[in-house]
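J.: here you go, sequence then predicted model.
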Amino acid sequence: MDIRELNKTSLTPLSNMSVIEKYFAAVKEMDAHAVKGEKFDTDAIMELWHSGGKLSIHGKESIGEKNYAKHDEIAGFYQNRARGVDGMLATNLSKVNVANAKNDEHIVVSGLRYIINKNGEGLQAPFTHNFRLQDGRISFLDIHVGTPGKTELAPVGALSIDDLGSLSAMAWMVA
């Protein structure tokens, strides 16, 4: 195998990360419009979705679980979310802390959402987005609001290295 071919194939798991970056850029823009009370066209987000996609949102018992199937239901969710809460928010921002690609079709992203109302009261809500992609589009998104005990790729808050000796040996080779 040619070294250029090896380099190209070794980056394959990262090729769909651009879809995830576009998703979070569109969410950031949507949140900015919602805070200002401005209309937001959700087409930018829906272009990233597979026509037969599924969306699941869950967390602690207080928020329950919501499921959306197919393009129309998912578009309805984003349209409702884009409306915000009638201008009651002063800040609605997300910060991605970690993204991990198991393979080209499975990416997990965790971070924090900061929400502050007009009275200066707010909260920080951890989240994990578990993306499945098909043909370069989101086919399934599982959003967990709150700190999960573990995710399929990265048990948030419980990351550990089983063999510190091997890690030290690898670090020494590149130092």
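T.: Received it, and whenever you're ready, just let me know what you need.
J.: what sits against residue 80?
T.: Contact analysis of residue 80 by C-beta atoms under 8 Å, 6 or more residues apart in numbering lists nothing. Where you see a C-beta, it was placed from the backbone N, CA and C, and this is true even at glycine.
J.: please tell me how far it sits from residue 42.
T.: The spacing between residue 80 and residue 42, counted by C-beta to C-beta, to the nearest Å, is 10 Å.
J.: how about residue 33?
T.: Taken as C-beta to C-beta, the span from residue 33 to residue 42 is 10 Å.
J.: which of the three states applies to residue 119?
T.: Classification of residue 119 by DSSP: H, G, I helix; E, B strand; the rest coil places it in coil.
J.: any buried residues in the helix or strand containing residue 35, and which?
T.: If you go by DSSP states H and E, residue 35 is part of helix 17-36. Neighbour counts over helix 17-36 (16 or more other C-beta atoms under 10 Å) mark 17, 19, 20, 23, 24, 26, 27, 30, 31, 33, 34, 35 as buried.
J.: and these, which is closest to residue 139?
T.: Nearest to residue 139 among the buried residues of helix 17-36 is residue 19, at 10.9 Å by C-beta to C-beta.
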